[in-house]
Every structure is written in C-alpha cells, then in structure tokens.
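Colleague: got a predicted structure here, sequence first:
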Amino acid sequence: MKPGPRNLITDVAGLRVGNADDTALMSGATVLIGDAPFVAGVHVMGGAPGTRETDLLAPDKTVQEVDALVLSGGSAFGLDAASGVADGLRAAGRGFPVGDQRVPIVPAAILFDLLNGGDKTWDSNPYAQIGRRALEAAQPSFALGSTGAGLGATTMDLRGGLGSASCVLSNGITVGALVAVNAIGRVCDDAGRFFAAPWELAAEAGGRAPGYLAPDWEPSGAAGPREATTIAIVATDAALTQAQATRLAIAAHDGMARAIQPSHTPLDGDLVFAAATGARPLPDPAWGAVPLGHAAACCLARAIARGVHAASAGGILPSWQERFAS
C-alpha cells in the first residue's frame, strides 16, 4: 500500500474535514462531512465513552446513512458540538427527510480534556458554536497536531493531537483515518520512538526505529490527566453495508492498540467510527473486507503517531517536538 496524495482521510473522494477550537478554552472540535450522506458504523472498546446517536449506526436501525461525524473535546459538554453541526446542515437543506422537515444525522464522540489547563469557566456551553465553525471550515486539506478536537489532548507524558493518514490499495480502493489522540497510555518510548513506527510510510512521523515499552509500563517525567479517550474515524470509498462498516471499525481498533500502550482502558472511552462513501464496489464481499480492515488498522496507527508528532508547544505537557526533535 502507498499513501494517498494528501496522506489525509480526505483522500477518500467526497469527504471534507473542518477544525475549530478556542485557545483560551484549550479545546475544540473536528467534523467529517461528505458531499452526500454516507454509510457509517461504530465500535467502542474503551470503558468510559461519551457519544451521541451511535445507536442509529446499528445495522438493524431505520437510518442507514449519516450526514456528518463529529469528534470533540469537552467531555459530556462537547456533545453539543454536534448540535451546532446539525444546525448548519439543516440550514443548508441537509438531513433525513421526515415529511416537510429535514433532520441531519450527526453521530458524535467526545474526549476528556477538562483538566488540561484551559479556562473552563464558561456560563454558556461553547461547543455548539465551535461545532458550527468546524463545519463551516470543512475542506479537503486541513491541519494536524494542536488543532480541532486535538487542541487540548494529552497522552501519558506528551501533548496529544489530531492525526490523519491514508493509503491506496492495489485494487484502487482508498482507506483513511482521522484521530484525536488523547490517551492514558503512551505513544512512544523514552527515546521518542513511536510504537506505530513499523507501519509508518515515507517517514511521516520522523522515520525513527520502532519504540519499546517495558512490561511494567512506568512512565518517566510528568504525567497527564488520568481520564482520557482516543476517538477516531476510518473511512473508505468502498461500498459497504452498515454491518461491514461496523466490522471495519472493529478491525481499526487493532491500529489503536499497536500505537498506544496501554489502550482501551477502563478510564479511556476509545471509539472508532467507520465511514463508507460507496464510490467503488468491494471486489469480493467476503475476502475483500480482510485487506480493508488491515489497511484501516495500519492507517489508524500511522495517524496516531502523526497527530502526536505534529503537536506544537503550549500545553500542560511537552510536545514530541520539544522533547525529541533536536
């Protein structure tokens, strides 16, 4: 496999991503929107998830497609980012038709960033406005690192961030990943070597040798908050059912486990959405899903490393660039 032209989830044609954040708040939101509604699935492996409308993504539910997916900071308050996105979509005439009304379908997931040093003393929940701004900013190219839902993210000992990666398979199908890395665990060892390095393409996260974490998992230096959650989206232009999209999300969790040690803890709400635009037929509905799932896991591992690698200075923990770039 090889990276797509942007090495972003938006290499899946028809998808756009928007980021919006508040530097005083030290939090933000990220929106994935399609030019048209798309099939989506979800799988949760963390013990402390925060979600909106994820029950709609089960294969037996009436609504089979969504208008957008939202990743947000803010813990439970951040779920309101999806309300701002829904307002913007409704104003644009998007949504599931119900009589003469349109109801935008906007599943969302949140991460915990309330203890990252930002000013959280708001009188009115700011996340709806942040979500609306993220929707309005959506485009094929977007920034990584300390932006959007990744602005206030942390890991055990480094600043987290927003990451993305893509790959094109030999059959022409494109797979991409988008992730807000906010983990109790670590993403690299004490020498700055990413655990995801074996899956890295074109030195996209520094090109260092793979990292190694001792079995006792003892971090060095300062440690981040003990509540976290890494939330992600994997996407493809393959035609998938909701059941197949759910399996894609499940497979992608392998990439999270490769890149973050430990992952899926009781205090992480680790979650993966899957999105499928349906532009390309899946060559073999049974076997074809196997390399697709493997690609999603690889892309997610790479995206996690890229998000932390791109983070800038300014958080309660040092960024990877501050500690290891020299």
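Modeller: Received, thanks. Numbers count the residues shown, from 1 in each chain.
Colleague: what about the lengthiest helix in the chain, average pLDDT?
Modeller: In the chain, assigned by DSSP state H, the helix with the most residues is helix 289-310. Averaging pLDDT along helix 289-310 gives 95.
Colleague: what's the helix or strand for Ser164?
Modeller: Per DSSP states H and E: Ser164 is located in strand 161-168.
Colleague: tell me the mean pLDDT over that strand?
Modeller: So the average pLDDT for strand 161-168 ends up being 98.
Colleague: which SSE is immediately downstream of that strand?
Modeller: By DSSP H and E, the next helix or strand past strand 161-168 is strand 174-181.
Colleague: what segments of this protein are strands?
Modeller: All strands of the chain, identified by DSSP state E, fall at 15-22, 27-44, 51-52, 66-72, 96-98, 101-103, 108-110, 161-168, 174-181, 231-238, 271-280.
Colleague: and the fifth one, how far out from the chain middle?
Modeller: Distance, stretch centre to chain centre, for strand 96-98: 27 Å (CA atoms, centre = their mean, to the nearest Å).
Colleague: what does the fourth one give?
Modeller: Taking the mean of its C-alpha atoms, strand 66-72 sits 10 Å from the chain's own mean (CA atoms, centre = their mean).
Colleague: and the helix or strand of the chain with the lowest mean pLDDT, what's buried?
Modeller: None of the helices or strands of the chain scores lower by mean pLDDT, DSSP states H and E than strand 96-98, at a mean of 89. For strand 96-98, burial by neighbour count (16 or more other CB atoms under 10 Å) applies to Phe96. Where C-beta positions appear, they are placed from N, C-alpha and C, glycine not excepted.
Colleague: now do stretch 196-215
Modeller: Ala196, Ala197, Trp199, Glu200, Leu201, Glu204, Ala205, Gly206, Arg208, Gly211, Leu213.
Colleague: need the max-distance pair from the residues you listed.
Modeller: Leu201 and Leu213 (22.3 Å; CB to CB).
Colleague: relative to Gln139, which of the buried residues of stretch 196-215 is nearest.
Modeller: Glu204 (20.7 Å).
Colleague: and the nearest residue to the closest one once chain neighbours are set aside, how many neighbours?
Modeller: Distance criterion CB to CB, 6 or more residues apart in numbering; nearest residue to Glu204, sequence neighbours excluded, is Arg306 at 5.7 Å. Residues lying near Arg306 (other CB atoms under 10 Å) number 28.
Colleague: same question for Lys2.
Modeller: 12.
Colleague: how close does it sit to Arg302?
Modeller: Using CB to CB, to the nearest Å, Lys2 is found at 12 Å from Arg302.
Colleague: where do the contact lists of the two overlap?
Modeller: Shared contacts of Lys2 and Arg302 (CB atoms under 8 Å, 6 or more residues apart in numbering): Leu201.
Colleague: which stretches of the stretch 101-250 of the chain have low pLDDT?
Modeller: The stretch 101-250 of the chain contains residues with pLDDT under 70 at 213-226.
Colleague: the closest residue to Met45 other than its chain neighbours: neighbour count?
Modeller: Among residues not flanking Met45 along the chain, His264 sits closest, at 4.3 Å (CB to CB, 6+ apart). The tally of other residues near His264 (other CB under 10 Å) stands at 20.
Colleague: quick check, His264 in contact with Gly46.
Modeller: Yes. Between His264 and Gly46 a contact is recorded at 5.5 Å, counting by CB atoms under 8 Å.
Colleague: now for the two: what residues contact both?
Modeller: Counting by CB under 8 Å, 6+ apart, the common neighbours of His264 and Gly46 are Asp270.
Colleague: what distance do you get for the residue lying closest to Phe324 once chain neighbours are set aside to Glu322?
Modeller: Of all residues not flanking Phe324 in the chain, Gly192 sits nearest, at 3.1 Å (CB to CB, 6+ apart). Per CB to CB, Gly192 is found 11 Å from Glu322.
Colleague: list the buried ones in the longest helix of the chain?
Modeller: By 16+ other CB under 10 Å, the buried positions in helix 289-310 come out as 289, 291-310.
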